[in-house]
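Chemist: got a predicted structure plus its sequence, pasted below:
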Amino acid sequence: MSTAGITIVVLVLLVFFFIAIYNKLVTLRNRFKNAFAQIDVQLKRRYELIPNLVETAKTYMKHESETLEAVISARNQAASASSAAAGNPADGQAIKQLIGAETALGGAMGRLFAVMESYPDLKASQNMMQLTEELTSTENRVAFSRQAYNDAVTNYNTTREVFPNIFVANMFAFQEATLFEVSSAAEREAVKVSFS
């Protein structure tokens, strides 16, 4: 085989190699976007449950309107941040804003549940018990979805950063994806939904 023939074969192999890397990055990016979509489904479910929980609590907690309003406000901010992040899960800033909004919602929900402890009739309400059971189930689904998302993001970021993939990633603007994680120990605490 001539030198020109060998050069052409090497170039063709390099092109196929770069195409394979590009396709792998696209596949992994789509996987983490899909994983975020699963988080989004569970967050929307939670956001739909919270107003029902607040409405049920309102009938018993007439003097706690500030706490109830804080929960609804935090829920609305989290829902808005979730919509923005769902529009482009590859946008690290949108993910960080969602994490902040989720942290604020968790704090507001924690305060609501702390106040609800002093209302035994509310704790015994069949509707409230159903809502808290649904919310607990949803919290577990959110945690599972976050884990799946973070696994997909880690796989994508690792594949993106290894040599020689980093050249293809930079050439075609494959940006680093942001993990869905909280930064402080207090924020890591799950919302407690128990009335025992």
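Modeler: Received it, and whenever you're ready, just let me know what you need.
Chemist: send me the host helix or strand of residue 83 as CSV with only the CA atoms.
Modeler: If you go by DSSP states H and E, residue 83 is part of helix 65-87. Coordinates of each C-alpha in helix 65-87 appear next as CSV, following Å, rounded to 0.1, in the frame of the first residue of the first chain:
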residue,chain,number,x,y,z
SER,A,65,-51.1,32.3,58.3
GLU,A,66,-47.5,33.6,58.1
THR,A,67,-46.1,30.0,58.1
LEU,A,68,-48.7,28.9,55.6
GLU,A,69,-48.0,31.8,53.3
ALA,A,70,-44.2,31.2,53.5
VAL,A,71,-44.8,27.6,52.4
ILE,A,72,-46.9,28.6,49.4
SER,A,73,-44.4,31.4,48.4
ALA,A,74,-41.4,28.9,48.7
ARG,A,75,-43.4,26.4,46.7
ASN,A,76,-44.1,28.9,43.9
GLN,A,77,-40.5,30.0,43.7
ALA,A,78,-39.4,26.3,43.6
ALA,A,79,-41.9,25.5,40.9
SER,A,80,-40.7,28.5,38.8
ALA,A,81,-37.1,27.5,39.2
SER,A,82,-38.0,23.9,38.3
SER,A,83,-39.6,25.1,35.1
ALA,A,84,-36.5,27.1,34.2
ALA,A,85,-34.2,24.1,34.9
ALA,A,86,-36.5,21.8,33.0
GLY,A,87,-36.2,24.0,29.9
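Chemist: elements contacting that helix?
Modeler: helix 3-58, helix 92-116 (3 or more C-beta pairs under 8 Å, 6 or more residues apart in numbering; DSSP states H and E). The way it works is simple: take the backbone N, C-alpha and C, and place the C-beta from them, glycine included.
Chemist: pick the most deeply packed of those.
Modeler: The highest mean neighbour count among the helices and strands packed on helix 65-87, using mean count of other C-beta atoms under 10 Å, belongs to helix 92-116: a mean of 19.
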